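**Q** missing the sequence, but the structure's below:
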Ligand SMILES: Nc1ncnc2c1ncn2[C@@H]1O[C@H](COP(=O)(O)OP(=O)(O)O)[C@@H](O)[C@H]1O
Ligand SMILES: O=C(CO)[C@@H](O)[C@H](O)COP(=O)(O)O
């Protein structure tokens, strides 16, 4: 029996999956690492933590599954997007990585728009300048830490850095490069026009490869530490949302996915790179060559849920919180929550907005608050569902992935708020499975990602929307939508009081 490995470098943890030829997950191992948030709006991680934890997980996954490491033939990656890793000429990290959910770069976004022009950004990079993207982070380092910027010789994204440390090869895949704001997404080349306009030297950009490309084999020291043969074929891998989409079979028009991980994402397949969504949604290259996707992002989805648990119900297991929250009625006895704990991206690109509970009543319990948090996160995702529907796509159902898909109650809330059937996958493993599928195609088990998805994807159940719940949520959603305009200015004035 042969196996491939999918490494998903998430924000909370690295998850490593061991997958056989039939798509069954035969082993999994997770290692978590900390997030550093020294100020409000800042979010960093140590790239070395990712590497060390990935190496541990790569060993533990085959040891605990009881398989021979010699039977592992391929490996690929999925990674949290946009994070800036700067390396000096010797390949050493120059500073901590600045992550996708770090929003310190509002000024740099305006600088990019001014210098490159909002229209040029939309026609070349197909996206607006948003705080989370990589180019604003690069400019932030240039503006605030010029001595570190001077030392930098190349920038990488999180999983590209881990791949570099595992194989010794520097490369960035196109699906992740699309999230830098420096890629011409139609020609799949670095944009000289944008780089020149904002004053970034193109020599900082690494060589580009497709997500499916073979990049090399394991370095001997890594092979020794992981116990894997150094002959394991390593394939580039892709952005976590692109890989999540591959794992969920979002490889044809009309397919949509919702993901509740640390972030929340609603994503739809797009065949063409020629459309203009006017920056209302992110528009990126897919992990499948010559395909695209559009998506909306809620910055704090599972992150809001974790914050609530940590702050108000630390000792309670997640399953208990979800069960008690489900006992609260639709609308949580008159309580609404907006999940803007670290600012927001879609539909409000606003780094200063913060969350709120509206309608607090003395009769409510903490479980009403838990329900309001789950509903508020889902309302936020629904803003993206609405934008994608309004773009003219016909969507019949949604595949749900990520931690949020693990609970039946949250799947029902999604079906009722989206007003669409929600598919739960058997063996739901999120983007790690997509990464393993890239490796499975790379080693020749399948001719295409689509063929692999047809073989691997198994729908466990479909949760149908309930008409009475859909009607109630429609009414609640219209109230939810009014919270942002009413709290926008208040949140700005409170900024001075934040840590
Ligand atoms: N059983 C569960 N029910 C609902 N939500 C869950 C459950 N388990 C985990 N989560 C949520 O999922 C999130 C983690 O999802 P995951 O896809 O693993 O994240 P990431 O890839 O960002 O590290 C957590 O923030 C948590 O809030
Ligand atoms: O910024 C984005 C997408 O644009 C995020 O979706 C990151 O890619 C992190 O994802 P998770 O850790 O939540 O999976």
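**A** It's in. Everything numeric here is computed off the predicted structure, so don't read it as measured data. Ligands and ions are numbered 1, 2, ... in the order given.
**Q** and the stretch 201-350 of the chain, which of its residues are near ligand 1?
**A** Counting by CB under 6 Å from any ligand atom, the residues of the stretch 201-350 of the chain close to ligand 1 are 260, 261, 262, 302, 303, 305, 306, 318, 319, 322. No exception for glycine: its C-beta is placed from N, CA and C like everyone else's.
**Q** need the contact list for the fourth one.
**A** In other words, residue 302. Residue 302 makes contact with 12, 260, 261, 262, 263, 264, 377, 402, 403, 404, according to CB atoms under 8 Å, 6 or more residues apart in numbering.
**Q** same thing but 6 Å
**A** The neighbours of residue 302, taking CB atoms under 6 Å, 6 or more residues apart in numbering as the test, are 260, 261, 262, 403.
**Q** most neighbours, which of those residues?
**A** Taking other CB atoms under 10 Å as the neighbour criterion, residue 260 ranks highest of those with 28 neighbours.
**Q** what count of nearby residues applies to the closest residue to it other than its chain neighbours?
**A** Setting aside the residues directly before and after it, residue 260 is nearest to residue 404 in space (CB to CB, 6 or more residues apart in numbering), at 2.5 Å. Residue 404 is flanked by 24 other residues according to other CB under 10 Å.
**Q** got it, and residue 104?
**A** With neighbours defined by other CB under 10 Å, the count for residue 104 comes to 18.
**Q** just confirm it is within a strand.
**A** No - assessed by DSSP: H, G, I helix; E, B strand; the rest coil, residue 104 does not belong to a strand; its assignment is coil.
**Q** number the residues from 49 up from this point.
**A** Yep, numbering from 49; the last one is residue 152 now.
**Q** what lies in contact with the helix or strand harbouring residue 211?
**A** Assessed by DSSP states H and E, residue 211 sits inside helix 206-215. Here helix 206-215 makes contact (CB under 6 Å, 6+ apart) with 57, 95, 98-99, 102, 125, 127-128, 131, 133, 218, 220, 264, 266, 270, 282, 285.
**Q** likewise for stretch 181-189?
**A** Defining contact as CB under 6 Å, 6+ apart, one finds that stretch 181-189 is touched by 130, 132, 146, 153, 156, 157, 196, 197, 228, 229, 230.
**Q** quick check: closest non-adjacent residue to the last one.
**A** Excluding its sequence neighbours, the residue lying closest to residue 230 (CB to CB, 6+ apart) is residue 183, at 5.3 Å.
**Q** and the gap between that neighbour and ligand 1?
**A** Summarising the geometry, the distance separating residue 183 from ligand 1, computed by CB to the nearest ligand atom, to the nearest Å, is 23 Å.
**Q** residue 515 too?
**A** Using CB to the nearest ligand atom, one gets 25 Å for the distance from residue 515 to ligand 1.
**Q** what count of nearby residues applies to that residue?
**A** Around residue 515 sit 10 other residues, with neighbours defined as other CB under 10 Å.
**Q** quick check: phi and psi at the closest residue to residue 505 other than its chain neighbours.
**A** Nearest in space to residue 505, with sequence neighbours left out and distances taken as CB to CB, 6+ apart, is residue 297 at 4.3 Å. Its backbone dihedrals place residue 297 at phi 70, psi 30, with angles given as degrees, to the nearest 10.
**Q** just send the contacts of residue 350 back as a markdown table, with pLDDT too.
**A** Formatted as a markdown table, the entries for the contacts of residue 350 read as follows, by pLDDT from 0 to 100:
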| residue | pLDDT |
| --- | --- |
| 308 | 96 |
| 309 | 92 |
| 310 | 92 |
| 451 | 89 |
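**Q** just those now: which is nearest residue 276?
**A** Using CB to CB, residue 309 is the member of the contacts of residue 350 that sits closest to residue 276, with 26.6 Å.
**Q** from residue 83, how far off is that closest one?
**A** Counting by CB to CB, to the nearest Å, the gap between residue 309 and residue 83 amounts to 13 Å.
**Q** which residue does the stretch 149-298 of the chain have closest to ligand 2?
**A** The minimum distance from the stretch 149-298 of the chain to ligand 2, using CB to the nearest ligand atom, falls at residue 288 (4.7 Å).
**Q** leaving out sequence neighbours, find the closest residue to that residue.
**A** Closest residue to residue 288 in three dimensions, ignoring its sequence neighbours and counting by CB to CB, 6+ apart: residue 479, at 4.3 Å.
**Q** who in the stretch 49-198 of the chain is up against ligand 2?
**A** Applying the criterion CB under 6 Å from any ligand atom, the portion of the stretch 49-198 of the chain that neighbours ligand 2 consists of 58, 59, 128, 129, 130, 148, 180.
**Q** closest to residue 77 out of these?
**A** When these are compared for distance to residue 77, the smallest value, 13.1 Å, is given by residue 58; criterion: CB to CB.
**Q** show the contacting residues for that closest one.
**A** Applying CB under 6 Å, 6+ apart, we find residue 58 in contact with residue 128.
**Q** okay, it: pLDDT?
**A** pLDDT, residue 58: 95.
**Q** one more: residue 180?
**A** Residue-level confidence at residue 180 comes out at 96, pLDDT.
**Q** residues touching it, list them.
**A** Per CB under 6 Å, 6+ apart, neighbours of residue 180: 130, 148.
**Q** Provide the secondary structure category for it.
**A** Counting by three-state DSSP, the backbone at residue 180 sits in coil.
**Q** the one 5 residues further on now?
**A** Applying three-state DSSP to residue 185 yields a three-state assignment of helix.
**Q** pairing partners for the spatially closest residue to it that is not a sequence neighbour in the sheet, please.
**A** Taking CB to CB, 6+ apart as the measure, residue 185 lies nearest to residue 132, with 4.0 Å between them; neighbours along the chain are not counted. Residue 132 has the following beta-bridge partners by DSSP bridges: residue 146.
**Q** number of residues surrounding residue 132?
**A** Taking other CB under 10 Å as the definition, residue 132 ends up with a neighbour count of 28.
**Q** got a list of what it touches?
**A** Contacts of residue 132 by CB under 6 Å, 6+ apart are 146, 182, 185.
**Q** recalculate using a threshold of 10 Å.
**A** By CB atoms under 10 Å, 6 or more residues apart in numbering, residue 132 lies in contact with 92, 142-148, 150, 153, 181-186, 188-189, 200, 203-206, 228.
**Q** which of the three states applies to residue 431?
**A** Reduced to three states by three-state DSSP, residue 431 is helix.
**Q** residue 341 too?
**A** The assignment at residue 341 comes out as strand when based on three-state DSSP.
**Q** thinking it is in contact with residue 325, fair?
**A** No - using CB atoms under 10 Å as the test, residue 341 is too far from residue 325 to be in contact (11.2 Å).
**Q** how about the top helix by length along the chain: buried residues?
**A** Secondary structure assigned by DSSP state H gives helix 515-542 as the longest helix of the chain. Going by neighbour count (16 or more other CB atoms under 10 Å), the buried part of helix 515-542 is 517, 520, 521, 524, 525, 528, 531, 532, 535, 539.
**Q** now for those residues: which two are most distant?
**A** The largest separation in the buried residues of helix 515-542, counting by CB to CB, is between 517 and 539 at 30.4 Å.
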